[in-house]
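# this one's sequence-less:
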């Protein structure tokens, strides 16, 4: 019985340590929540503006003939397809990372993966075991601290390679923020652009000409999509971690209550047994 009491005390202490950890991580996630959602909303505003500019330019007759309006089926995924996969830098956020990886796994074809976030980098980057030094910090693009200049650099490369025919399709796999309770893994295709209807025309006079503007704005549009969805994914990560830590804290509290009740019951039984033995000894 003494062994049972010691084991129960050890388990209670273990769950209490877990409770402190989950509580601290929940508070950190809560403190980041406001800033992350503000960045996500600002990214959406920028994306709406740049998207409307691209939409207006695409109605011009000159722009309709651009190579960036090639028809591409959603199911045509091959070696020339590039997927930007956005995941978190850390775990302990429920199914946030797993849902993204599952969506990529279930896709047909063999696209080239461009990871953003440490978890995506670890999953889709292969290292030569003989050359890999575990003490060396590998360079990856953080989803939490992803700067716009990196998005512009990546967008410039993607636009240039698409124009040269090296890649046929570009998509982004990310988590869409629905609410603090719900994040949905989705894929957004950004290249080629959606071809406008032949009946859609724009008589706006542009200076300089529409094609020059289109070529200048397109990399900014692609960068805006990448940057906006990274910020949205990070807001999803923070929300998912907060809910996961709240759930873990609740479960830890319930386990502590159950174990404490069992501990008191065993301890009371031991005390009762000792009193019985003393009384029996005194009577003899």
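Thanks, I have the structure now. Because the structure is a prediction, the values reported are computed rather than measured.

# Helix or strand next in line after the lowest-mean-pLDDT helix or strand in the chain, which one?
Least confident element among the helices and strands of the chain, by mean pLDDT, DSSP states H and E: helix 61-64 (a mean of 78). Counting by DSSP states H and E, the next helix or strand C-terminal to helix 61-64 is strand 81-86.

# next helix or strand past that following strand?
Following strand 81-86 in sequence, per DSSP H and E, is helix 96-105.

# host element of residue 208?
Going by DSSP H and E, residue 208 is not in any helix or strand.

# can you give me the offset of the top helix by length along the chain from its chain's centre?
Longest among the helix segments of the chain by residue count, using DSSP state H, is helix 210-283. Centroid displacement of helix 210-283 relative to its chain, using Cα atoms, centre = their mean, to the nearest Å, is 18 Å.

# what's the answer for stretch 139-148, then?
12 Å.

# distance between the ends of that stretch?
17 Å (Cα to Cα, to the nearest Å).

# Any chance you could list what contacts it?
For stretch 139-148, the external contacting residues (Cβ atoms under 8 Å, 6 or more residues apart in numbering) are 86-89, 115-118, 121, 125, 150, 223, 227, 230-231, 233-234, 237. Every residue, glycine included, has its C-beta placed from N, CA and C.

# what residue ranges in this protein score low on pLDDT?
1-3, 71-75, 127-138, 198-204, 282-284 (pLDDT under 70).

# distance of the residue nearest to residue 230 when sequence neighbours are not counted from residue 58?
Nearest residue to residue 230, sequence neighbours excluded (Cβ to Cβ, 6 or more residues apart in numbering): residue 146, at 4.6 Å. Residue 146 sits 27 Å away from residue 58, going by Cβ to Cβ, to the nearest Å.

# same check, this time on residue 87
Taking Cβ to Cβ, one finds residue 87 at 31 Å from residue 58.

# who's more crowded, the two?
residue 87 (30 against 20; other Cβ atoms under 10 Å).

# May I have the residues that are in contact with that one?
96-97, 100-101, 115-120, 123, 143, 233.

# Now the closest residue to residue 213 other than its chain neighbours: phi and psi?
What sits nearest to residue 213 in space, not counting adjacent residues and going by Cβ to Cβ, 6+ apart, is residue 206, at 5.6 Å. Backbone torsions of residue 206, given as degrees, to the nearest 10, read phi -110, psi 150.

# ok now do residue 46, which residues does it touch?
Contacts of residue 46 (Cβ under 8 Å, 6+ apart): 224, 227-228.
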